[in-house]
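# below is the sequence, then the predicted model.
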Amino acid sequence: MIVGVLGAGQLARMIALAGYPLGVDFIFLDPSADACANTLGEHLLGDYNDPRLLAELAERADVVTYEFENVPADVAEFLAAHTQVHPSPNALAVAQDRLVEKAFFHDLDIPTPAYAAVDSFESLEQAMPAIGWPAILKSRTQGYDGKGQSVLKSADDLKAAWELLEGAPAVVEAFVPFDREVSIIAVRNVSGSIVFYPLSENLHRGGILRVSESREGDAMQTQAEAYVSRLMEALDYVGVLALELFEIEGKLIANEFAPRVHNSGHWTIEGAETSQFENHLRAILDLPLGATAAVGKSAMVNFIGNLPSTKEVLGIPQAHLHLYKKSPRKGRKVAHATVRADNSEKLSGLIKALTTLADQVDDS
Ligand SMILES: Nc1ncnc2c1ncn2[C@@H]1O[C@H](COP(=O)(O)OP(=O)(O)OP(=O)(O)O)[C@@H](O)[C@H]1O
Ligand SMILES: [Mg+2]
């Protein structure tokens with residue numbers, strides 16, 4: 001079996017690492033010569049819309065998937081006309097445009113923050129009375145790790161926030177004073193069965209995910225499962241999907257979804273019976289899905305900006321280090337580590353030890 005992957009970053013790398021035991025081979029398409037999955041399969045080096053490379057990928061891959069949702073949706077559509085593509089190009093098209101995504105949630109009765117489309121400075125000014133303060137202005141497309149976003153605290157912030165977008169269409173949304181951020185990772189197979197991982201509880205700083213913890217038996221699990229099922233069924237989705245949610249006063253509000261494996265699910269590599277990466281492959285290859293139960297309590301800590309010392313991380317006997325082989329750069333996710341424990345107190349101590357190391361290298 002050959003799986004084609006659009007993108008060859010760390011998510012592609014971890015998909016490939018999960019595919020090796022299943023005897024799967026990989027071809028990656030990525031425009032960057034030093035993309036970090038490139039030693040784990042064949043690397044087609046070029047633009048996502050290079051017709052020659054796309055034709056080769058379509059010809060040779062049994063199924064194509066993506067690790068990155070900002071590939072042009074028409075690229076996925078072209079591939080889908082020639083080979084199997086999972087998740088569907090439609091899921092990609094919805095997820096890559098925040099306005100379309102929010103309307104999609106709305107149609108499915110999944111609550112979102114109050115929002116409005118913004119395509120000029122005037123439309124931003126006009127939207128604010130209904131949205132209220134504080135708010136967040138986000139570019140409709142191409143955002144990740146909080147890029148292309150500005151917090152609006154008062155009318156004084158509007159001009160600079162609008163100018164930062166350089167004319168790109170945007171959405172403005174109410175800032176949610178959430179109690180917690182959680183995400184649910186679910187997997188749907190070709191015949192429509194869905195399995196769910198225990199919720200992840202997520203901590204962000206500066207728009208970047210820092211820590212995720214597995215939360216088996218969380219009070220919000222059932223509500224999150226209902227929303228993610230609705231979403232997957234409406235998209236006739238195949239593969240792993242992550243739905244990011246805000247919890248406020250015992251209710252969940254959707255932030256966004258990712259049509260791919262997700263950073264808040266990295267704990268599943270050591271902390272669940274089957275990792276999100278293996279289950280994504282199982283789903284897109286039409287194989288039986290693996291059990292999603294948590295194995296103990298676990299957490300993941302991201303290393304951002306600079307590499308941690310391998311010796312120091314591994315000096316914590318329970319830690320599992322995942323280096324992405326990416327060159328360090330400000331604000332860039334370059335590695336993560338997971339820890340597992342049989343009770344919350346032990347887990348907190350291990351998280352503390354890892355976050356101390358993460359803060360030492362963090363330059364964001
Ligand atoms: N409406 C909001 N209210 C409160 N916090 C918000 C809101 N929107 C975003 N945030 C904060 O900023 C983080 C990043 O926002 P969002 O998920 O929209 O961006 P992103 O660039 O797609 O990020 P990523 O790719 O890392 O998921 C959120 O996880 C949350 O912590
Ligand atoms: Mg997000």
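Cool, the structure landed. Because the structure is a prediction, the values reported are computed rather than measured. Ligands and ions are numbered 1, 2, ... in the order given.
# only C-alpha atoms from now on, for both contacts and neighbour counts.
Will do.
# contact residues of the stretch 1-150 of the chain facing ligand 1?
Proximity of the stretch 1-150 of the chain to ligand 1 (CA under 6 Å from any ligand atom) is limited to residues 113, 143-147.
# surely residue 27 and residue 3 touch.
Yes. Using CA atoms under 8 Å, residue 27 is in contact with residue 3, at 6.4 Å.
# so what sits against both of these two?
residue 61 (CA atoms under 8 Å, 6 or more residues apart in numbering).
# which of the residues of the stretch 1-150 of the chain next to ligand 1 are buried? Put it as a PyMOL command.
PyMOL command restricting these to the buried ones, with burial defined by 16 or more other CA atoms under 10 Å:
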select buried, resi 113+143
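# can I get the residues of the stretch 1-150 of the chain next to ligand 1 in TSV including pLDDT and distance to residue 191?
Output for those, formatted as TSV (pLDDT from 0 to 100; distance: CA to CA, whole Å):
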residue	pLDDT	distance to residue 191
113	98	33
143	83	32
144	83	31
145	83	33
146	83	35
147	86	36
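# how does the protein divide up, domain by domain?
Following automatic domain parsing, the chain resolves into domains at 2-85, 114-174, 180-361.
# now do the first one: distance from first to last residue.
Translated: domain 2-85. Using CA to CA, to the nearest Å, one end of domain 2-85 lies 12 Å from the other.
# quick check: bridge partners of the closest residue in space to residue 203 that isn't next to it in sequence?
Closest residue to residue 203 apart from its sequence neighbours, by CA to CA, 6 or more residues apart in numbering: residue 211 at 5.1 Å. In this entry, residue 211 is beta-bridged to residue 203, residue 301, by DSSP bridges.
# could you check how far residue 211 is from residue 344?
In terms of CA to CA, residue 211 sits 15 Å off from residue 344.
# hmm, stretch 304-318 touching ligand 1?
No. Using CA under 6 Å from any ligand atom, stretch 304-318 never reaches ligand 1; the gap is at least 12.4 Å.
# could you list the buried residues of that stretch?
304-308, 313.
# between the two ends of it, how far is it?
21 Å.
# any idea of the mean pLDDT in it?
Per-residue pLDDT values across stretch 304-318 average out to 97.
# try stretch 132-141
Stretch 132-141 comes out at a mean pLDDT of 97.
# again with stretch 242-262
98.
# same check, this time on stretch 73-90
pLDDT averaged over stretch 73-90 gives 95.
# distance between the ends of stretch 248-267?
24 Å.
# list, one by one, the residues from the stretch 151-300 of the chain near ligand 1.
Near ligand 1, when you scan the stretch 151-300 of the chain using CA under 6 Å from any ligand atom, you find 173-176, 204, 207-208.
# other SSEs contacting the lowest-mean-pLDDT helix or strand in the chain?
Least confident helix or strand, the chain: helix 73-80 with a mean of 94, by mean pLDDT, DSSP states H and E. Other helices and strands packing on helix 73-80, by 3 or more CA pairs under 8 Å, 6 or more residues apart in numbering; DSSP states H and E, are helix 51-60, helix 89-95.
# in that helix, what's buried?
73, 75-80.
# just stretch 238-258 next, same as before
Under 16+ other CA under 10 Å, the buried positions of stretch 238-258 are 238-247, 252-258.
# first to last residue in it, what's the distance?
13 Å.
# swap in stretch 45-65?
Start-to-end, stretch 45-65 (CA to CA) is 17 Å.
# please name the nearest non-neighbouring residue to the residue nearest to the spatial centre of the chain.
Per CA atoms, centre = their mean, the C-alpha nearest to the average position across the chain is that of residue 262, at 3.4 Å. Spatial nearest neighbour of residue 262, excluding adjacent residues (CA to CA, 6+ apart): residue 242 at 6.2 Å.
# which residues pair with that neighbour across the strands?
Bridge pairing for residue 242 - DSSP bridges - gives residue 185, residue 258.
# on that earlier part again, neighbour-wise, which one of the residues of the stretch 151-300 of the chain next to ligand 1 leads?
residue 173 (25 neighbours; other CA atoms under 10 Å).
# residue 260 versus residue 1, what's the distance?
On the measure of CA to CA, residue 1 and residue 260 end up 20 Å apart.
# if we can go back for a sec, I figured the residue nearest to residue 203 hits residue 300, correct?
Yes. With contacts counted by CA under 8 Å, residue 211 reaches residue 300, the gap being 5.6 Å.
# quick one, helices of this protein?
10-19, 51-60, 73-80, 89-95, 98-107, 121-131, 158-164, 221-235, 268-271, 276-284, 310-314, 344-361 (DSSP state H).
# export these to JSON lines and tack on distance to residue 296?
Formatted as JSON lines, the helices of the chain follow (distance: least, CA to CA, whole Å):
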{"stretch": "helix 10-19", "distance to residue 296": "21"}
{"stretch": "helix 51-60", "distance to residue 296": "40"}
{"stretch": "helix 73-80", "distance to residue 296": "38"}
{"stretch": "helix 89-95", "distance to residue 296": "32"}
{"stretch": "helix 98-107", "distance to residue 296": "33"}
{"stretch": "helix 121-131", "distance to residue 296": "42"}
{"stretch": "helix 158-164", "distance to residue 296": "44"}
{"stretch": "helix 221-235", "distance to residue 296": "17"}
{"stretch": "helix 268-271", "distance to residue 296": "7"}
{"stretch": "helix 276-284", "distance to residue 296": "16"}
{"stretch": "helix 310-314", "distance to residue 296": "20"}
{"stretch": "helix 344-361", "distance to residue 296": "10"}
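# right, I'll call it a day here.
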